[in-house]
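1. Here is my input, please return the structure:
(one chain, ligands or ions: 1)
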Amino acid sequence: MPHVPVLLDAVREALAPLKGARILDGTFGAGGYSRALLEAGASVVALDRDPSVLPYVRQLSAAFPDRFRFVPGTFSQLDSLAGGPVDGVVLDIGVSSMQLDQPGRGFSFMQDGPLDMRMSSEGQSAADLVNALEEAALANLLFAYGEERKSRRIAHSIVAARATQPITTTAQLARLIEKSIGRKPGDAHPATRSFQALRIAVNGELEQLVEGLFASERLLAEGGRLAVVSFHSLEDRIVKRFLDPEKSAPTRSRHLPEAAVELRRWVEVSKAIRPSPGETARNPRSRSSTLRSAVRSASPARPVSYAGLGVPNSRSAA
Ligand SMILES: C[S@@+](CC[C@H](N)C(=O)[O-])C[C@H]1O[C@@H](n2cnc3c(N)ncnc32)[C@H](O)[C@@H]1O
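-> Here you go, the predicted model:
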């Protein structure tokens, strides 16, 4: 089933006014946001790192030949891929339903498939990581990116199991994790956090998010609008801290003179918007989504520290 766009009305509102605006959609997917923005009168430049979105691209190119353009690539480079100034940027972070539902992509522990998880089908797969990382590194990764408290026990079981046979499928890994940490009735599947962690690591998702935020800040001029939909607490924390530096860890010395404190780079930062009960009933995958949006000020773009944004370090001890 194609992806059902999440928090669509709120996204449209955050990017308004749309008529005649030029918007960059950094996560095209099935084109749900792009289509709605085009229908509201905007021009759209869309990016996606997954070549399997091309059938959806063709549909929008046929319907809006003058106002829609697709560029393959990652949103960490959106300022250089945009092809000119834009009035708004939207990012809908994470996996699409098409990626999740195809067993062959290896994102889901609910269906058996190769342990892959690469959005772009390039680079190291989840199986590469699971079969090659040292036990401590694997535990740290599961802890940092999955907030998995039983990461050491899982890493130990993985290393023991792969000594006899490499772990190559999603079902094999899901079973192994379940055996290692057990399963309580009513709880989420015990592999949920580990699969999230591996997906984040395979696709460099947190680095992509941070660099995408920096690139949006460089690209948008004063008054430009940014809307970001995220799906778990690690991502939402990064977006929240980025837009509102008062929420981030201090990155400057408190001994600096008052005058050196920089002006805010984002204004009109909205409160977090979450889906209504009606939306979660219609589309259960929207359940964990959060939208944050803001308007760019005239203050110059400036990268801030990864640590201040709360990006976990997968190399620290679990
Ligand atoms: C949640 S879906 C977007 C759905 C879309 N808003 C819609 O309404 O159909 C996320 C999409 O972003 C893509 N993606 C994820 N990370 C990306 C990145 N760093 N750069 C470019 N595309 C990315 C994924 O391949 C996926 O197609």
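2. for the stretch 51-200 of the chain, what spans make up the helices?
-> 54-63, 78-81, 97-101, 126-132, 135-146, 151-162, 170-181, 192-203 (DSSP state H, counting those that start in this stretch).
3. Identify the residues contacting the residue lying closest to residue 52 once chain neighbours are set aside.
-> Distance criterion C-beta to C-beta, 6 or more residues apart in numbering; nearest residue to residue 52, sequence neighbours excluded, is residue 98 at 6.8 Å. For the C-beta atoms, the positions are set from N, CA and C on the backbone; glycine is no exception. Contact partners of residue 98, counting by C-beta atoms under 8 Å, 6 or more residues apart in numbering, are 2, 3, 29, 30, 52, 53.
4. ok so, going back, which one of the helices of the stretch 51-200 of the chain has the poorest average confidence?
-> When the helices of the stretch 51-200 of the chain are ranked by mean pLDDT, helix 97-101 comes last with a mean of 91.
5. Can you point out the buried residues in that helix?
-> 98, 99, 100, 101 (16 or more other C-beta atoms under 10 Å).
6. Low-confidence stretches in this structure?
-> 1, 247-262 (pLDDT under 70).
7. If we use 90, what do you get?
-> 1-3, 94, 121, 184-188, 244-263, 268-269, 302-304, 313-318 (pLDDT under 90).
8. How about the residues of it by the ligand?
-> 3, 5, 26-27, 29-33, 47-50, 53, 74-76, 92, 94, 96, 119, 208 (C-beta under 6 Å from any ligand atom).
9. could you redo the last one with a cut-off of 5 Å?
-> 3, 5, 27, 29-30, 32-33, 48-50, 74-75, 92, 94, 96, 119, 208 (C-beta under 5 Å from any ligand atom).
10. Show me those residues that map onto strands.
-> 48, 92 (DSSP state E).
11. Residue 45 falls within a strand, correct?
-> Yes: Residue 45: assigned to a strand according to DSSP: H, G, I helix; E, B strand; the rest coil.
12. mind giving me the domain ranges of the protein?
-> Listed by automatic domain parsing, the domain ranges of the chain are 8-92+205-296, 105-202.
13. Nearest residue to residue 64 in space, please, no chain neighbours.
-> residue 38 (4.8 Å).
14. Helix, strand, or coil at the one you found?
-> Once three-state DSSP is applied, residue 38 turns out helix.
15. What is the burial count for it?
-> 21 (other C-beta atoms under 10 Å).
16. dump the residue contacts of the closest residue to the ligand within the stretch 151-300 of the chain.
-> Of all residues in the stretch 151-300 of the chain, residue 208 sits closest to the ligand, at 3.6 Å by C-beta to the nearest ligand atom. By C-beta under 8 Å, 6+ apart, the contact set of residue 208 is 74, 75, 76.
17. quick one: the closest residue to the last one other than its chain neighbours and residue 238, what's the gap?
-> If you skip the residues right next to it in sequence, residue 76 has residue 211 as its closest partner in space, 3.5 Å away by C-beta to C-beta, 6+ apart. Using C-beta to C-beta, to the nearest Å, residue 211 is found at 11 Å from residue 238.
18. what does residue 14 give?
-> 18 Å.
19. what angle sits between the longest helix along the chain and helix 192-203?
-> For the chain, the helix with the greatest residue count under DSSP state H is helix 205-219. Interaxial angle of helix 205-219 relative to helix 192-203 (axes from the mean of the first three to the mean of the last three C-alpha atoms, to 10 degrees): 50 degrees.
20. Report the next helix or strand after helix 205-219 in sequence order.
-> strand 225-230 (DSSP states H and E).
21. Show which residues not belonging to that next one make contact with it.
-> Contacts for strand 225-230 (C-beta under 8 Å, 6+ apart): 6-7, 11, 14-15, 87-94, 209, 213, 216, 220, 236, 238-239, 243, 266, 289-296.
22. Looking at the residues you listed, which are in strands?
-> 88-92, 266, 290-296.
23. Tell me which two of these sit farthest apart.
-> 290 and 296 (20.3 Å; C-beta to C-beta).
24. before we move on, back to that, can you tell me which of the buried residues of helix 97-101 is closest to residue 203?
-> Nearest to residue 203 among those, with distances taken as C-beta to C-beta, is residue 99, at 10.3 Å.
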